[in-house]
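>>> Dropping the sequence and predicted coords here.
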Amino acid sequence: MDASADKPHILVVDDDTRLRELLKTFLSRNGFRVTTAGNTAEAGQRLSALDFDLIVLDVMMPGQTGLDFAGELRRTDDVPILMLTAMGESKDRIAGLEKGVDDYLAKPFEVRELLLRIQSVLRRNRPASEAGAEPARQVNFGPYQFDLELGELTQKGKRVPLTDAEVGLLRALTARLGEVLRRKIEPDPAFPRYLRTVRGQGYRLVDA
C-alpha cells in the first residue's frame, strides 16, 4: 500500500511556475501530497479526476481569476480554500471570504506561515469524529480571539497587529489560562520582587 495515500492532498493553483514548484517541494517535505495547476482551467481538470483536502488558490491569474473560480467551486464543492492575495489588496480578501474562502495569505509570504495556515484550516475542517480530544488552539477572552499556533489576535473578526514580543507573551498567557505566572519566579507571590505591576500600563521585569 502506498504510504502517501494517507497524507493530505493539496492542490496549488498559481500561474507563477517558480512559486508552484517551490510550494510543491516545501509542502511535500512537510507531509503533504501536492498537485499543481497553472490556471483555473487546469485546476478544474485536476478536481474532476482527483480528490483534494485543500486548495491553495492565487487571486490574479490569466483568464479566469481565482475569486471567480472559488465562487463557481463553492456551488458544488466544499473543499477548503486558502487564497493568496496581492499585498494590501483588502478588497480581494473580503471578496474571497464572501465567496466562501476559508483563509487568505498576502503575497509575499513566508512558506512557514503558509504551512501553519494550511494545518489550521485542515484542522478546522476535520470531522469531529477524527478530531479527538486535541487541545484548543484558539482562546477567547472578552471581544478577542487569539490563535496560539498562528500567533494572531483578532477583535470581532478584525486583526490586531502585534510585535513578536507581544505574540510570545500572549502565547504564554493564553496557553496557561487561570495560572498565576508569578508563582513560577517569585519566592513570595504576594510580595513580588521581580515581576512588578505598573499601574495603568502592564507588567515590568525588574532586576531586584
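Received it, and whenever you're ready, just let me know what you need. Residues are numbered from 1 along each chain as shown.
>>> Please pull out the lowest mean pLDDT helix or strand from this structure.
Within the chain, no helix or strand scores below helix 128-131, which has a mean of 49 by mean pLDDT, DSSP states H and E.
>>> Assign the most centrally placed residue in the chain to helix, strand or coil.
Nearest to the geometric centre of the chain sits Arg117, at 2.4 Å (C-alpha atoms, centre = their mean). For Arg117, the assignment made with DSSP: H, G, I helix; E, B strand; the rest coil gives helix.
>>> Enumerate every residue touching it.
Contact analysis of Arg117 by C-beta atoms under 8 Å, 6 or more residues apart in numbering lists 82, 103, 105, 150. Every residue, glycine included, has its C-beta placed from N, CA and C.
>>> in the chain, which spans are strands?
9-13, 33-37, 54-58, 81-86, 103-107, 138-141, 144-147, 152-155, 158-160, 195-198, 202-205 (DSSP state E).
>>> Of those strands, which stretch is the most buried?
Comparing these by mean neighbour count (mean count of other C-beta atoms under 10 Å), strand 54-58 ranks first with a mean of 25.
>>> contact partners of that strand?
Defining contact as C-beta under 8 Å, 6+ apart, one finds that strand 54-58 is touched by 8, 10-16, 23, 43, 66, 69-70, 73, 79-84, 101, 114, 118, 121-122, 125.
>>> Tell me the spacing between the closest residue to the residue nearest to the centre of the chain other than its chain neighbours and Ala172.
With C-beta to C-beta, 6 or more residues apart in numbering as the criterion, Arg117 has its nearest non-adjacent residue at 5.4 Å, and that residue is Asp103. For Asp103, the distance to Ala172 equals 25 Å [C-beta to C-beta, to the nearest Å].
>>> again, but for Gly96
33 Å.
>>> These two: which has the busier surroundings?
Neighbour tally, Gly96 and Ala172, criterion other C-beta atoms under 10 Å: the higher count belongs to Gly96, 25 against 12.
>>> Do you know the pLDDT at that one?
What the model reports as pLDDT for Gly96 is 73.
>>> try the one 10 residues further on
The predicted local distance difference test score for Ala106 is 87.
>>> That one contacts Leu82, correct?
No: if you go by C-beta atoms under 8 Å, Ala106 and Leu82 don't touch, sitting 11.8 Å apart.
>>> low pLDDT regions in the protein?
1-5, 87-89, 92-93, 127-136, 174-208 (pLDDT under 70).
>>> ok, now with 80
1-6, 86-99, 125-142, 144, 148-150, 156-157, 164-208 (pLDDT under 80).
>>> how much space is there between the closest residue to Asp58 other than its chain neighbours and Arg74?
Leaving out its chain neighbours, the residue that sits closest to Asp58 by C-beta to C-beta, 6+ apart is Asp14, at 4.2 Å. According to C-beta to C-beta, Asp14 stands 19 Å off from Arg74.
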